[in-house]
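J.: Sequence first, then the predicted structure:
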Amino acid sequence: MPPHPHRPPELAWQVFRGSEAIRRGLLSRHHLRGASWIRLRQDVYADARLDRDHALACRAALLRMPPGAAIAGPSAAYLHGVEHAADFTDDVHVLLPATVRADSQPGVRVHHAPMSSTRSGLLVPVGNAAPARTSPPVGTSQPADTSPPVGTSQPVGTSQPVGTSPPAGMNSPAGMSQAGTRSTFGTNPPADMTPAGTESPVAAPQAADCLPGTPGRTRSPNPAGSRSRPGPPGPADPQNATAASNPFAESSPGAVMILSGPPRRTEPAACAWETAVWADPVKAVGIIDGLLRTGSVNRSALASEAARNACRPGGRRAAWVFGLTDGLAQSPPESHLRVRLVFAGLPRPVAQHPVRVSTGLILHPDLAWPEFRVAVEYDGQWHSDSDRMHLDRRRLNQLVEAGWLVLHVTGRRLRKEFPALVREIRAALVARGWRP
């Protein structure tokens, strides 16, 4: 009969510092090596029954960060409900004030924000993020062990510098909003980065709207053997309005053994801006589309965020990425396909354009060029279901009857045969009257 798991009530379903648990007599080193716990990072453990998702990785990362740290960018988008924004093994993005010293670690990318009034109030208030109890700083204790953490990957490289242009080979979205207009190729965003003719566009902010502040910056991952100064996070005190509204408010100097409650994170509009600046444009658009689709943010909030950060490094890039987003996309692959087609020089398609067929039913193809009656349908894995296929084929016939030319894209072709897809869609548009 297997031994009964040893889980002190204080640590059940928690993420905690192993050295503190040992110092307080809750566990021994032998217990920490048992099946009841999972090691996430150096000296950071969790109840093995917890789901191994990006939220767990975020909680572990904050326990190794100084006070004032907050989850940001794609990681914050995950916490706001965009599940495809990050996985358990993906790097956790952490935002710190510019005056706080901390280097990136394996699996954690540290970014620094300016210390200005424009950054205050950008944290989502945390209701129950108080430490279980405090003690002398954990830094005085030795880590419980030095075995490799589960699910932690080495950093793939430095974080993308703030304000960089789109990767070489991708096209800027100039003129992509009108059918029959071709995007220009290049690596730099155009002067007018907002596509004209889109619904509620996010206008590129003017220089006159810029607000003073220290530019943000991104630190490269910590080289092997170099020193860093991790410390306990500073959870917001629900009884302290100042701490709840200031993302960089100082917390108690005592060590935090347990990080309870949801992780501190930047609010949706701020994390959309961070994602637009830090992530690859195609992935960033998919994540921000998810924030728009779930209602976490709207285009007005994106416009305000772009204007507020117009003079920060990455401000023009963020406005450009915001102009590519569309909350009507129903899945990340649809978002990625739409943006990649624009980067390939095709006119910008309309997501979920309404088409009335002969029966009076209104259909919504995934992507459409209404002027030319050309549509593209993305077929995901769920399309293999026989009932789903029956409905899709009937829908396809109805679109064809209404005079539409419909092309289908599978996940495999999107990943491995994208140039051929572009040629096919381009040919269909040309056949229907588009002139590149």
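T.: Cool, got the structure. Every value quoted in this text rests on a predicted model; they were computed, and no experiment measured them. Numbering: from 1, shown residues only.

J.: This protein: strands as residue ranges?
T.: 15-17, 37-41, 44-47, 70-71, 92-97, 108-113, 217-218, 350-351, 355-356, 362-363, 367-369, 374-379, 405-410 (DSSP state E).

J.: can you tell me which of those strands the model trusts least?
T.: Mean pLDDT across the strands of the chain is lowest at strand 217-218; the value there is a mean of 44.

J.: Quick one, which of the strands of the chain gets closest to residue 257.
T.: Of all the strands of the chain, strand 15-17 sits nearest to residue 257, with 5.1 Å by CB to CB. All C-beta spots, glycine's among them, are computed from the backbone N, C-alpha and C.

J.: helices and strands around that closest one, which ones?
T.: strand 44-47, helix 54-62 (3 or more CB pairs under 8 Å, 6 or more residues apart in numbering; DSSP states H and E).

J.: tell me the most buried of these?
T.: helix 54-62 (a mean of 25; mean count of other CB atoms under 10 Å).

J.: could you give the angle of it to strand 108-113?
T.: 70 degrees (axes from the mean of the first three to the mean of the last three CA atoms, to 10 degrees).

J.: Run through the chain and note the low-pLDDT ranges.
T.: 1-4, 115-256, 260, 381-385 (pLDDT under 70).

J.: Check the separation of the first and last residues in stretch 70-81.
T.: One end of stretch 70-81 sits 17 Å from the other (CA to CA, to the nearest Å).

J.: Can you point out the buried residues in that stretch?
T.: 70-80 (16 or more other CB atoms under 10 Å).

J.: Please report how far residue 61 lies from residue 265.
T.: Residue 61 sits 12 Å away from residue 265, going by CB to CB, to the nearest Å.

J.: Name all residues that sit in contact with those two at the same time.
T.: Common neighbours of residue 61 and residue 265, using CB atoms under 8 Å, 6 or more residues apart in numbering, are residue 71.

J.: sorry, back to before: now, which of the buried residues of stretch 70-81 sits nearest residue 386?
T.: Proximity of the buried residues of stretch 70-81 to residue 386 (CB to CB) peaks at residue 78, which lies at 33.4 Å.

J.: can you pull the contacts of that closest one?
T.: Residue 78 makes contact with 54-55, 58, 85-86, according to CB under 8 Å, 6+ apart.

J.: how does it look with 7 Å?
T.: Counting by CB atoms under 7 Å, 6 or more residues apart in numbering, residue 78 touches 54-55, 85-86.

J.: Kindly reformat the buried residues of stretch 70-81 as TSV containing distance to residue 9.
T.: What follows is the buried residues of stretch 70-81, written out as TSV (distance: CB to CB, whole Å):
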residue	distance to residue 9
70	29
71	27
72	33
73	35
74	34
75	30
76	31
77	33
78	29
79	26
80	31
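
J.: Was I right to think residue 328 contacts residue 352?
T.: Yes: under the criterion of CB atoms under 7 Å, residue 328 makes contact with residue 352 at 4.4 Å.

J.: okay, now the domains of the chain?
T.: According to automatic domain parsing, the chain comprises the domains 9-160+215-245, 350-431.

J.: Endpoints of the shortest one, how far apart?
T.: This means domain 350-431. End-to-end for domain 350-431, by CA to CA: 19 Å.

J.: so residue 410 sits right up against residue 377, yeah?
T.: No: using CB under 7 Å, residue 410 is not in contact with residue 377, being 10.0 Å away.

J.: list residues touching both of the two?
T.: With CB under 7 Å, 6+ apart as the test, residue 410 and residue 377 reach no residue in common.

J.: Could you verify my assumption that residue 36 touches residue 11?
T.: No: assessed by CB under 7 Å, residue 36 is found out of contact with residue 11, at 9.0 Å.

J.: related to what we said a few turns ago, mind giving me CSV with the strands of the chain and columns for distance to residue 292?
T.: Listed next are the strands of the chain as CSV, based on distance: least, CB to CB, whole Å:
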stretch, distance to residue 292
strand 15-17, 31
strand 37-41, 31
strand 44-47, 32
strand 70-71, 20
strand 92-97, 20
strand 108-113, 23
strand 217-218, 25
strand 350-351, 11
strand 355-356, 22
strand 362-363, 22
strand 367-369, 16
strand 374-379, 18
strand 405-410, 22
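
J.: All good on my end, thank you.
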